[in-house]
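> Sequence plus the predicted model coming up.
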Amino acid sequence: MEASVVNVPAAEERAPGTLARCVSALERGERFLITMHEFPDGDALGSALALCLALKERGKSVTVYSPQGAPQNLRFLPGAADIVRSLSRDARFDVCLACDAGDDARLGPDLPERERRGETLNLDHHPRSKAFGDVNLVDSTAASVGVLVWRLLKALDQPISRDIAACLWVSIASDTGNFRHSNTNAECMRIAWELVERGVRPGEISSRMYESQPLARVRLLAEVLKTLVVSKDGRVAWVVASREVFEAAGTVEETADGFISYPRSIEGVEVALLLREEGPQRQRVSFRSRGKVDVGAIATRFGGGGHHNASGCSVPGTLEEVRALVLREVQRGMERARIF
Ligand SMILES: [Mn+2]
């Protein structure tokens, strides 16, 4: 093992042998299924595709499954074009790897039964991750699931190709907000350094991820920002992506993913929300916290989940009803955090 992987991961201390069990499953298995949470982000896709590339280099048969596939700005990732959106009923695997899932309910409708998908490895860093795997490699101190994949590949003595490095970079850069968020730590910076040494060009990847937006998405942002509201005390800010907002922007294909960073960026705001209309009677809510309020706990109350500073849930009710409900819970969260 290289000197760069000096820290003993917290997960290894809590559940000794977990990493070794994963390594042995990766060595023994022949047919692999890799999947991730629905509507995958850079971490889910980057970690899954890095694993896929590594396993293929080891001569394994690999299927990567995601019902939605990669969003437009992540389609440049090596292997993204080979993601399958459905699985046949008789597909069988030796090992199933779930990346960044939080909960097996988020793994898509075609996830095979346990007997057909094989030994299930849950690779995750969500603090309330459900232990649905036969092996649960879960470490909330890992900045992204790509960090866990890095540890696995190192333990396997797997050479890190430039393509694998690019996938891991996207995983880490996405979940740390480009090394800005509070989960940015020494381990992920050390890995990032090694990835650059293996040929990753951070500027090129950033440009693909953030500076290749369709015009319609920027028009959608303009409409979403018109809905910005800040609470009287300046601590809570929210934006709304309703059906009318999409109509005004003239797009149905674009998503409001990431727009929550704008209310979050306002000085003095502790909690930011983005409400998206999933239907007239159901709203998707994303939360971001500046650190004092545990928005993961708030989302969990509504049946969702996530991290202390970033979470989401889907709530039944009209936009008005859901906004009132979640704002009340945010207020309680602020009181618990002693922010008045
Ligand atoms: Mn993640």
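Arrived safely. Numbers count the residues shown, from 1 in each chain.
> What residue in this structure comes nearest to the ion?
Nearest residue of the chain to the ion: residue 43, at 3.5 Å (Cβ to the ion). Quick note: C-beta positions are derived from backbone N, CA and C, even for glycine.
> what's the helix or strand for that residue?
Here residue 43, judged by DSSP states H and E, is contained in helix 42-57.
> Show me what whichever helix or strand comes after that helix is packed up against.
Next in sequence after helix 42-57, counting helices and strands by DSSP H and E, comes strand 61-65. Contact partners of strand 61-65 among helices and strands, from 3 or more Cβ pairs under 8 Å, 6 or more residues apart in numbering; DSSP states H and E: strand 31-36, helix 42-57.
> re earlier: quick one: the residue of the chain closest to the ion and residue 183, what's the gap?
Residue 43 sits 11 Å away from residue 183, going by Cβ to Cβ, to the nearest Å.
> For these two, indicate the residue with more neighbours.
Neighbours were counted for residue 43 and for residue 183 using other Cβ atoms under 10 Å; residue 43 has more, 25 against 22.
> Model confidence score at the more buried one, please.
What the model reports as pLDDT for residue 43 is 98.
> Was I right to think it contacts residue 145?
Yes: in this structure, residue 43 is within contact of residue 145 by Cβ atoms under 8 Å, at 5.5 Å.
> Show me the common contact partners of those two, please.
99-100, 171, 175 (Cβ atoms under 8 Å, 6 or more residues apart in numbering).
> what touches both of residue 43 and residue 183?
Common contacts of residue 43 and residue 183 (Cβ under 8 Å, 6+ apart): 144, 175.
> Grab the nearest non-local neighbour of residue 333.
Excluding its sequence neighbours, the residue lying closest to residue 333 (Cβ to Cβ, 6 or more residues apart in numbering) is residue 293, at 4.5 Å.
> Same question for residue 195.
The shortest distance from residue 195 to any non-neighbouring residue, by Cβ to Cβ, 6+ apart, is to residue 165 (4.3 Å).
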